[in-house]
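Peer 1: model the structure of this input:
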Amino acid sequence: MRLLGSKVKQYRKQKNLSQQELADGICTQATVSLMEKKDKILSIKIILQVCRRLNVSLGDILAGVGSGLDEQFDAICLDLRQDKYTEMAARLDQVDVSTEAASAFDRERYHYYRGFAELTVEQRPDEAIFHFNLVLRRSFHMAWDLYAIIGNVGMASAYLMRQDRDQARYYLGEATSYLTNFEWHDESSFQRLVWARYQIALMYLKLEQPQQALTNVEAALRVVKHRASLYLIDVLYEVKGLGEQALLARTAAKRSLMIAKTLALVTHNQALQERLNVTTDDLPAWSDQVNGFS
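Peer 2: Got it, this is the predicted structure:
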């Protein structure tokens, strides 16, 4: 495991922090200088505190956190974000984290994705909770880490599947509180952030809390528009419309669902086109539509 001092410096400058400001309350300015110029790791505790202040994960500033399995996990992650759950589970079955070459980070990622495979393919929420717990209870847990954020989303999904609404709400609250100040630095973290907000919004609809759903979907839409991206924008407008419909804001709901329908043509989202292949005057009750989501 090696510190990437140039990355520490890059993220520090992005936040307009001096070395002394980054060091304040954590270590000395000389220590930060050693980190940036000599790639020195003086203690894991200091590294974790620096990550928190910079709002980055260990993987952003450390080399060797993962292993040769990175490419496989990237493909598994993409399958998850595209709802290709069967493909995700099949890829995961090919991953061996029992070898000496596998790192602790690899094993963490394995349990994270295995949790979603148990939920989406096997329909076994108890098994999913077991795997997500292994991720969330790690000794060096960082609340701003996307694995931790989406791990909480997974826990909420599992408890919702078990019809334990109180626990589902608890983990949704954990996930949304972590997301509040999260800053994405690359395309992958941007997509994970938006995906997490989308999943949270869907679950709040199922919990009949449409205002919470709208808060999360609107946060996701702000990020997508800032990025000038089409990523999930069509289904985000769909959820926005369903939330507005639940709040009896029928004019706003009609507008959002028409936007979703138009965007579905642009993104070639056939499933969404079929869901919205009704006139806005004949839209079914929002709860009926929500129950159609997986």
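Peer 1: from here on, just use CA atoms for contacts and neighbour counts.
Peer 2: Noted.
Peer 1: does L172 touch N152 like I think?
Peer 2: Yes - judged on CA atoms under 8 Å, L172 makes contact with N152 at a distance of 6.8 Å.
Peer 1: ok, residues contacting stretch 5-23?
Peer 2: With contact meaning CA atoms under 8 Å, 6 or more residues apart in numbering, stretch 5-23 is reached by 28-29, 31-33, 35-40, 50, 53-54, 60-61.
Peer 1: that stretch: which residues count as buried?
Peer 2: Judged by neighbour count (16 or more other CA atoms under 10 Å), stretch 5-23 contains these buried residues: G5, K7, V8, K9, Y11, R12, Q19, Q20, L22, A23.
Peer 1: next SSE downstream of the one helix or strand the second one maps to?
Peer 2: In other words, K7. Assigned by DSSP states H and E, K7 falls within helix 5-14. Once helix 5-14 ends, the next helix or strand along the chain (criterion: DSSP H and E) is helix 19-23.
Peer 1: quick check: what element follows that next one along the chain?
Peer 2: helix 29-38.
Peer 1: got the angle for whichever helix or strand comes after that following helix vs helix 5-14?
Peer 2: Once helix 29-38 ends, the next helix or strand along the chain (criterion: DSSP H and E) is helix 44-54. In terms of direction (axes from the mean of the first three to the mean of the last three CA atoms, to 10 degrees), helix 44-54 departs from helix 5-14 by 40 degrees.
Peer 1: which one of L172 and N152 has more residues nearby?
Peer 2: Between L172 and N152, counted using other CA atoms under 10 Å, N152 has the larger neighbour count: 28 against 25.
Peer 1: give the contact list for the more buried one.
Peer 2: Contacts for N152 were tallied using CA under 8 Å, 6+ apart; they are F132, L136, Y171, L172, E174, A175.
Peer 1: if we use 7 Å, what do you get?
Peer 2: Y171, L172, E174, A175 (CA atoms under 7 Å, 6 or more residues apart in numbering).
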